[in-house]
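J.: Need coordinates for the below:
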Amino acid sequence: MASMFSWVAIRGRTPQDVLDDLGLADTGVAHSAGSSRLAGEALSEGWYVVVDYDVDPAGYVSKTRILQQLSQGAEVVACYESSYGPDSAATGWRNGSQVWMVAHYCDSGREPDHLEYEGDLPTAFAEILSDAQTEYTASAGEGCLYGVAVDLAAEMTGFREDGIWDLTELNRV
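T.: Prediction:
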């Protein structure tokens, strides 16, 4: 089944500050598949994550103004996944500025191994990219490098949307 969603994780700000900046409120109701468009949860290592299951293309990754605001005095990682393309992207922000970006888009005219990346990439990026390239080569070019951005975002925050989390529903205020 095809899916598309985006999430943003913030470390260095309270969950309430994050919700206020995004114009959201925690309902206190447990999120279950298909039950809500937005969900959030406090994670280990001080991260707070907000997941949007009904996103426009690139989701939080493309929301420069929001990422600038959320990253003031904090660290932010945003991730976008779409199995329709398949497309994926991740970006890291700190103190109002983008630090790094990784994107994989499979739209027409691009090679399946096309990957864009820039900035001061986290140390984990080199190993994640190397592993993906090895797998891509071993499979004779089958598949693509879709997972690089997703794996990097997960490595940075400990969050992967397909994991088991106690997310709560969020509503716009």
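J.: can you pull out the strands in this structure?
T.: 4-11, 24-30, 38-42, 47-52, 75-82, 87-94, 97-104, 116-119, 168-172 (DSSP state E).
J.: quick one: the third one to strand 168-172, angle?
T.: Here strand 38-42 runs at 130 degrees with respect to strand 168-172, directions being taken by axes from the mean of the first three to the mean of the last three CA atoms, to 10 degrees.
J.: Go through strand 38-42 and flag the buried ones.
T.: Residues L38, A39, G40, E41 are the ones in strand 38-42 that count as buried (16 or more other CB atoms under 10 Å). Quick note: C-beta positions are derived from backbone N, CA and C, even for glycine.
J.: That strand: how far from the chain's middle?
T.: 13 Å (CA atoms, centre = their mean, to the nearest Å).
J.: ok, it: who's next to it in the sheet?
T.: Applying DSSP bridges, strand 38-42 is found paired with strand 47-52 (antiparallel), strand 168-172 (antiparallel).
J.: try the fifth one
T.: Using DSSP bridges, the strands paired with strand 75-82 are strand 4-11 (antiparallel), strand 87-94 (antiparallel).
J.: and that strand, average pLDDT?
T.: Mean per-residue pLDDT for strand 75-82: 93.
J.: same check, this time on stretch 17-33
T.: For stretch 17-33, the mean confidence score works out to 91.
J.: got it, and stretch 61-71?
T.: Rounded mean pLDDT across stretch 61-71 is 93.
J.: could you give the angle of the helix or strand of the chain with the lowest mean pLDDT to strand 87-94?
T.: Scoring the helices and strands of the chain by mean pLDDT, DSSP states H and E places helix 124-138 at the bottom, with a mean of 88. Taking the same axes, to 10 degrees, one finds helix 124-138 and strand 87-94 inclined to each other by 170 degrees.
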